[in-house]
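Trainee: predicted model follows, preceded by the sequence.
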Amino acid sequence: MDETLQHIKEQFLTDLAAVNTPEALTALRDKYLGRKAGLLANEKKRVGGLAPEVRAAFGSQVNDISAEVEARLAELNDRFAAAQEAAALEREKLDISLPGTQFGRGHLHPITLLRNRIEDVFVSMGYTVVDGPEIETSFYNFDALNIPPGHPARDSADTFYVGEDLALRSQTSTMQIHAMQRLSPPLRVIAPGRVFRRDTPDPTHNPMFFQLEGLTIDRNITLADLKGTLQKFVQLMYGANIVTRFRPSYFPFTEPSAEVDFRCYMCAGIGCRVCKGSGWVELGGSGMVHPRVLEAVNIDPEEFQGFAFGLGIDRMAARMYDLDDIRLLYENDVRFLEQFA
Ligand code: FA5
């Protein structure tokens, strides 16, 4: 064999043994087979200039070596490809016997659970659920509810003002006005929702809490209808033997007005932790809709009468779930909330 070719072949085998990356393999291919400067390409270019008697033999030797170089490069290329595929398979290997990631399922907040139950009870009594704004003008917050200028409830020490004539509603009674404006009597609505007061937080007070407003407007409505409705409500919520009691009270938008209690469902009036020994549990305020409130929304008080009530949902929740502090409901402590899943 031609000495130069022999040398190129040996050099190739040495170089090949040192190749350990696909990039080095490409460089090696260029070095020996590259069209312009490849060592074997250069030898091929020499063939034409050789004496006729050696030309054929030299040409066939260059071709043989080129074919062998080609074959060895292809073989190494295959080995690299196989190694790459094996590495990829190893990397992407999936152990289907491993346990999956557990995602906790969400659930309703205790206030929402109670609110849904309350809504079901009132809907079963023919009431419609209505909703309205949490930011109100003085008309809805005070004027239409017969709360005169100068009344302590208007004081910014009690109410969160957010503008000249705008405040966060401090009671869902604002919804009485919206309901009577939207619907004409006779009507029966409840409006559960968020309310805001500048109250100092303690176990039974939070600056943001939930109330349930109820309003019935019809002909010949009396205090007995109010009593009967709330009596039925507590029985459907807490049991057939529960009775209610009314204590005289004052609200500017009802006359007469009463605070409503119901006999403790836990101890049947004997006195226990839930009713703090009194035998009664406070439900909220109520009364017969004041004629001036009806007039504010153009309802004739001679033709229609009504009753309204406003109950504290948080305190009902505290009783129902035996919580000693309503603020637990708003701390978003998952350990507490998970108990209602
Ligand atoms: C009212 O808010 C009247 N609007 C109720 C009413 C409606 C009377 C319709 C007549 C006709 P009062 O301020 O008492 O009334 O609040 C009603 C209930 O809300 C209370 O019984 C109590 O359960 C709850 N409550 C009051 N303040 C807070 C507070 N800061 N945190 C949690 N609950 C509260």
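Mentor: Sure thing, it's come through. Numbers count the residues shown, from 1 in each chain.
Trainee: chain neighbours aside, what residue packs nearest to the residue of the chain found nearest the ligand?
Mentor: Across the chain, the shortest distance to the ligand (Cβ to the nearest ligand atom) belongs to Gly312, at 2.0 Å. All C-beta atoms are positioned from the backbone trio N, CA, C, and that covers glycine. In this structure, Gly312 finds its nearest non-sequential neighbour in Gly284, 5.5 Å apart by Cβ to Cβ, 6 or more residues apart in numbering.
Trainee: so, in contact with the ligand or not, whichever strand or helix holds the one you found?
Mentor: Under the criterion of DSSP states H and E, Gly284 resides in strand 280-289. Yes. Shown here: strand 280-289 in contact with the ligand (Cβ under 6 Å from any ligand atom) through 282, 284-287.
Trainee: returning to what we had before: show me what the residue nearest to Gly312 bridges to in the sheet.
Mentor: Val260, Leu311 (DSSP bridges).
Trainee: tell me the confidence at it?
Mentor: Turning to Gly284, the model gives it a pLDDT of 95.
Trainee: correct me if wrong: it contacts Asp314.
Mentor: No. Shown here, Gly284 and Asp314 do not form a contact pair, counting by Cβ atoms under 8 Å, at 11.1 Å.
Trainee: which stretches of the stretch 1-150 of the chain form strands?
Mentor: For the stretch 1-150 of the chain, the strands defined by DSSP state E, counting those that start in this stretch cover 128-129, 135-137.
Trainee: show me what the mean pLDDT comes to for the first one.
Mentor: Model confidence over strand 128-129 averages 98 on the pLDDT scale.
Trainee: quick check: closest non-adjacent residue to Lys232.
Mentor: Met125 (6.6 Å).
Trainee: what's around that neighbour, how many residues?
Mentor: For Met125, the neighbour count with other Cβ atoms under 10 Å is 14.
Trainee: what's the answer for the one 10 residues further on, then?
Mentor: Applying the criterion other Cβ under 10 Å, we find 14 residues in the vicinity of Ile135.
Trainee: in contact with it, which residues?
Mentor: Contacts for Ile135 (Cβ atoms under 8 Å, 6 or more residues apart in numbering) come out as 162, 166-169.
Trainee: cool, and Gln61?
Mentor: Residues in contact with Gln61 (Cβ under 8 Å, 6+ apart) are 1-2, 5.
Trainee: next one: Ser257
Mentor: Listed by Cβ under 8 Å, 6+ apart, the contact set of Ser257 reads 248-251, 285-287.
Trainee: correct me, but the residue nearest to Lys232 touches Gln231?
Mentor: No. Met125 lies out of contact with Gln231 (Cβ under 8 Å); the separation is 11.4 Å.
Trainee: mutual contacts of the two, please.
Mentor: With Cβ under 8 Å, 6+ apart as the test, Met125 and Gln231 reach no residue in common.
Trainee: for the chain, what lies in contact range of the ligand?
Mentor: Residues of the chain lying near the ligand (Cβ under 6 Å from any ligand atom): 171, 173, 197, 199, 205-206, 209, 211, 251, 254, 257, 282, 284-287, 308-310, 312, 314-315, 326.
Trainee: picking up where we left off before, more neighbours: Gly284 and Asp314, which one.
Mentor: A direct count of neighbours by other Cβ under 10 Å for Gly284 and Asp314 places Asp314 higher, at 23 against 19.
Trainee: helix or strand for that one, which one?
Mentor: Per DSSP H and E: helix 313-320 holds Asp314.
Trainee: C-terminal to that helix, what's the next element?
Mentor: Defined by DSSP H and E, the subsequent element after helix 313-320 is helix 334-337.
Trainee: how about the CA coordinates for that following helix, as CSV?
Mentor: Written as CSV, here are the backbone C-alpha positions of helix 334-337 (Å, rounded to 0.1, in the frame of the first residue of the first chain):
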residue,chain,number,x,y,z
VAL,A,334,-56.6,25.8,57.5
ARG,A,335,-56.6,23.6,60.6
PHE,A,336,-59.8,25.2,61.7
LEU,A,337,-61.5,25.4,58.3
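Trainee: pLDDT of it, averaged?
Mentor: In this model, helix 334-337 has a mean pLDDT of 93.
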